[in-house]
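> sequence? don't have it. structure:
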């Protein structure tokens, strides 16, 4: 019963979060390498801040030219399908008698810091004949300097390099502005556009649209000249572009993919002022490479293996989501890239130029909202995705905040809301933000304990929590925050939550403080094994229990939690109940969860079209209907968020907060807070025995291979709400299958619905042919079949909304979260690429074996359901 209660509660809070797949992010690698568009690349892509970033794509078939990426030319290729996975955006086009897939891959490699820190992404082209006959086919793509600055009148310069089997263009501003961003665009980056040197490719740099410009040459059927335009000039002065053309000749299908790569490198990537000293920090990948040529050669050489790893990763993540709900699977697909791309993983660049490999720090940018650095409430919302993919990744994020606040530069008795407001020039934040003290102290204590529990790494809680160990007397940071909460959390007068509420007795905010005091007790308990006295453990546990009892008496009315104590008609999305479950806190009674779940069930039928409002005081206020069945409630809540997530026609691609009735976005664009979608799966990550009490870096097992309350509040409304949202689904899932053990999901059979494709699809290399699908205004349950690689296909109905469909055939296995280490292959040597068709065939066989093995266990799994 408790499991289903938590499940419905989490999905309820999820209903306040939006992910708009109708505007797809198709290149998302780092805070600077980000491009999105609508359900097709037709039209110019934009950076998350709204700045147009020029990138065009063209195909010529039997002498007729079509544009498939960009604007300003007709005819355009016809977009027949689009698919979303956690790492890929796949678009299917038709041009004449040729169809092709354009696959934008933003690698997610959480077990290898070298790969994860690379600011590069792939574009794969795979084509086939629609009529079975041979056709003459050429492809062309180019990039402009709009990736490099917010002002298109700024001059740029470029060159082209051939090295071994690779050719790459590079472009940068003629006058770099180090550590400067304007309108969220970095002014100190170098753009790279590269591919392998094929016998059928030509290149050129020069004007885009003059009479003999690069695009005109391609449209007229001419090759590029393999020459450089050395007339460096402003971006908008005859629009200099970096172009590449591939002539495939007469084909019925591509024998191997056409692969382009893009990247944007800044060096240094972060300037960090620490104790009056300025640190220059470089991206972690430089620990494995000595030159940009080495980087590009290895990245291109790894393209085939990288795609296969992405297919495997996507299939596993989406199978885990499918085990809960197909629509929940879709929501996972549109969230993870935003969290992973918000982070720059760095190492210290010494004065002699060497890299301090052991000094790893991760800086998160508050993309979509501001230039804040390591924003605490956004990290709190994003945290679920991190332990799911690799728990130790949270350490370098948290230590930056802990280290700064334990220094003499920071004198406040409470936690800071962020590290700085001027990314990438990080200066610390010692301003008076006491209004958010309960929120920030609570978030930091909860995240620090969660990191230790899920990774097993006790180094942070030792350095910043072991106050009675002589060598750590200066590090009483965590205890100080817990003591602050001990005095202030039960009655919140003078404090605000990150979702914008401020009142003397906020139930949800008070709950966060209580759970955080409990967390301090667990931190002390872990430290007892190395000599810390048990007195503090007992004290914090007793205080948390006492406060929880008092809180229950004041905050609960008519069986549900009120917004403020005694305001019996009020209610809200009490996301900190999820946090208590995440930490295994037993201080909240089962009756509290039961009552809250039943209350939400009674409200769901009258909720607004796109879900519940955050609080009963919002315009989306819900009146009480009859109670809904458990499964119906869960599915309704997911569907409401899904409806908004895939709503078409919005200029905002990925808002973290929106109006529950109209769908209007309250936040801006992309956000790392979308990692909150993984709260359900994060609860499956097993707790580890906390060890590693050493003075080492916060990174474990690394592979060699001034704020204002308004801005902070605005960035957290949807994100933190969703942090609870997904937490609810996990408990539903546990109820349905009591075989599932924490952190180790069993092999799960995913049942696939009616066929909607003309033939099975294995992955994005294969022919994706989708029959036209025009659902009724209320029909959003159809399914498309493909092969083991799962994806989300978008089609549109008369209302302009998008609907998602599983593009998979048969069964796939659930995802087992990776071990808590940074172990991974060394990228210092090129990996090469094996024949794609052989690898695809191996994948076919592996998936067939998995399906055969699952057939036997499928019936047994279903017997676990109630």
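Thanks, I have the structure now. All of these numbers come straight from a predicted model, not from anything done at the bench.
> For residue 443, what are phi and psi?
phi -60, psi -40 (degrees, to the nearest 10).
> swap in residue 266?
As for residue 266, its main-chain torsions (degrees, to the nearest 10) stand at phi -120, psi 140.
> Now for it, how many residues are close by?
Look at residue 266: counted by other CB atoms under 10 Å, it has 23 neighbours. Backbone N, C-alpha and C define where each C-beta goes, glycine included.
> For it, list the residues it contacts.
Shown in contact with residue 266 (CB atoms under 8 Å, 6 or more residues apart in numbering): 32, 119, 186, 188-190, 424.
> quick one: which two of these are the most distant?
Farthest apart among the contacts of residue 266 by CB to CB are 190 and 424. That separation is 14.9 Å.
> Neighbour count: those two, which is higher?
residue 424 (26 against 18).
> does the more buried one really touch residue 279, like I thought?
No - applying CB atoms under 8 Å, one finds residue 424 not in contact with residue 279, separated by 12.0 Å.
> what residues are shared contacts of those two?
With contacts defined as CB under 8 Å, 6+ apart, the residues shared by residue 424 and residue 279 are 270-271.
> just to revisit the earlier point, reformat the contacts of residue 266 as JSON lines; add secondary structure.
Putting the contacts of residue 266 into JSON lines (DSSP: H, G, I helix; E, B strand; the rest coil) gives the following:
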{"residue": "32", "secondary structure": "coil"}
{"residue": "119", "secondary structure": "coil"}
{"residue": "186", "secondary structure": "strand"}
{"residue": "188", "secondary structure": "coil"}
{"residue": "189", "secondary structure": "coil"}
{"residue": "190", "secondary structure": "strand"}
{"residue": "424", "secondary structure": "coil"}
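> Take these and write them to CSV, including distance to residue 605 and pLDDT.
Shown next, in CSV, are the contacts of residue 266 (distance: CB to CB, whole Å; pLDDT from 0 to 100):
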residue, distance to residue 605, pLDDT
32, 45, 61
119, 47, 94
186, 48, 87
188, 54, 93
189, 51, 93
190, 55, 95
424, 48, 94
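> and these, which are buried?
32, 119, 186, 188-190, 424 (16 or more other CB atoms under 10 Å).
> What is the helix or strand in which residue 517 is found packed up against?
According to DSSP states H and E, residue 517 maps onto helix 507-527. Helix 507-527 is packed against helix 437-455, helix 459-465, helix 477-488, helix 535-555, strand 560-561, helix 576-582, with contacts defined by 3 or more CB pairs under 8 Å, 6 or more residues apart in numbering; DSSP states H and E.
> ok, now with 7 Å
Under the contact definition 3 or more CB pairs under 7 Å, 6 or more residues apart in numbering; DSSP states H and E, helix 507-527 sits against helix 437-455, helix 459-465, helix 477-488, helix 535-555, helix 576-582.
> can you put the ones you listed in JSON lines and add distance to residue 678, mean neighbour count and mean pLDDT?
Output for the helices and strands packed on helix 507-527, formatted as JSON lines (distance: least, CB to CB, whole Å; neighbours: other CB atoms under 10 Å; pLDDT from 0 to 100):
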{"stretch": "helix 437-455", "distance to residue 678": "12", "mean neighbour count": "27", "mean pLDDT": "97"}
{"stretch": "helix 459-465", "distance to residue 678": "21", "mean neighbour count": "26", "mean pLDDT": "91"}
{"stretch": "helix 477-488", "distance to residue 678": "25", "mean neighbour count": "22", "mean pLDDT": "96"}
{"stretch": "helix 535-555", "distance to residue 678": "26", "mean neighbour count": "18", "mean pLDDT": "95"}
{"stretch": "helix 576-582", "distance to residue 678": "12", "mean neighbour count": "26", "mean pLDDT": "89"}
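> will you turn these into TSV that also has distance to residue 262?
Shown next, in TSV, are the helices and strands packed on helix 507-527 (distance: least, CB to CB, whole Å):
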stretch	distance to residue 262
helix 437-455	33
helix 459-465	36
helix 477-488	41
helix 535-555	50
helix 576-582	37
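> Which among those helices is found nearest to residue 687?
Using CB to CB, the helices and strands packed on helix 507-527 put helix 437-455 closest to residue 687, at 4.8 Å.
> what packs against the closest one?
Against helix 437-455 (3+ CB pairs under 7 Å, 6+ apart) you get helix 376-382, helix 394-405, helix 459-465, helix 477-488, helix 507-527.
> now with 10 Å?
Counting contacts by 3 or more CB pairs under 10 Å, 6 or more residues apart in numbering; DSSP states H and E, helix 437-455 packs against helix 376-382, helix 385-390, helix 394-405, helix 459-465, helix 477-488, helix 507-527, helix 576-582, helix 709-736.
> now the helix holding residue 517 against helix 535-555, angle please.
160 degrees (axes from the mean of the first three to the mean of the last three CA atoms, to 10 degrees).
> Helix 507-527 to helix 437-455, inter-axis angle?
Going by the same axes, to 10 degrees, helix 507-527 makes 40 degrees with helix 437-455.
> taking the mean pLDDT, what do you get for helix 507-527?
For helix 507-527, mean pLDDT rounds to 96.
> ok, the residue nearest to residue 557 when sequence neighbours are not counted - contacts?
Spatial nearest neighbour of residue 557, chain neighbours left out: residue 568 (4.3 Å); criterion: CB to CB, 6 or more residues apart in numbering. Residue 568 makes contact with 556-558, 560, 562, according to CB atoms under 10 Å, 6 or more residues apart in numbering.
> so how far does stretch 136-156 reach from one end to the other?
36 Å (CA to CA, to the nearest Å).
> Tell me the buried residues in it?
Judged by neighbour count (16+ other CB under 10 Å), stretch 136-156 contains these buried residues: 136-152, 154, 156.
> Hmm, residue 607 is touching residue 643, no?
No - Residue 607 lies out of contact with residue 643 (CB atoms under 10 Å); the separation is 11.2 Å.
> Pop out the phi and psi values for residue 154.
Dihedral angles for residue 154 - degrees, to the nearest 10 - are phi -70, psi 140.
> Please name the residues that touch it.
Counting by CB under 10 Å, 6+ apart, residue 154 has contacts 145, 148, 173-175, 177, 182, 187, 234-236.
> Over to residue 203?
Residue 203 touches 142, 160, 162, 167-169, 193, 195, 197, 214, 223-228, 242-245, counting by CB under 10 Å, 6+ apart.
> The stretch 151-300 of the chain: strands as residue ranges?
Secondary structure of the stretch 151-300 of the chain (DSSP state E, counting those that start in this stretch): strands at 155-163, 166-173, 181-182, 185-186, 190-196, 201-207, 233-234, 240-251, 258-265, 270-274, 277-283.
> quick one, helices of the stretch 51-200 of the chain?
Along the stretch 51-200 of the chain, counting by DSSP state H, counting those that start in this stretch, helices occupy 113-117.
> shaky segments in it?
For the stretch 51-200 of the chain, applying pLDDT under 70 flags the ranges 51.
> do the same with the chain
Residues of the chain meeting the criterion pLDDT under 70: 1-43, 47-51, 467-475, 613-634, 648-655, 666-669, 694-866.
> measure the residue nearest to residue 214 when sequence neighbours are not counted to residue 461 for me?
Excluding the flanking residues, the one nearest residue 214 by CB to CB, 6+ apart is residue 243, at 4.1 Å. To residue 461, residue 243 is 54 Å away according to CB to CB, to the nearest Å.
> With distance to residue 268 as added columns, please give the helices and strands packed on helix 437-455 in JSON lines.
As requested, the helices and strands packed on helix 437-455 are exported to JSON lines (distance: least, CB to CB, whole Å):
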{"stretch": "helix 376-382", "distance to residue 268": "23"}
{"stretch": "helix 385-390", "distance to residue 268": "24"}
{"stretch": "helix 394-405", "distance to residue 268": "16"}
{"stretch": "helix 459-465", "distance to residue 268": "25"}
{"stretch": "helix 477-488", "distance to residue 268": "28"}
{"stretch": "helix 507-527", "distance to residue 268": "34"}
{"stretch": "helix 576-582", "distance to residue 268": "36"}
{"stretch": "helix 709-736", "distance to residue 268": "26"}
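> Thanks a lot, catch you later.
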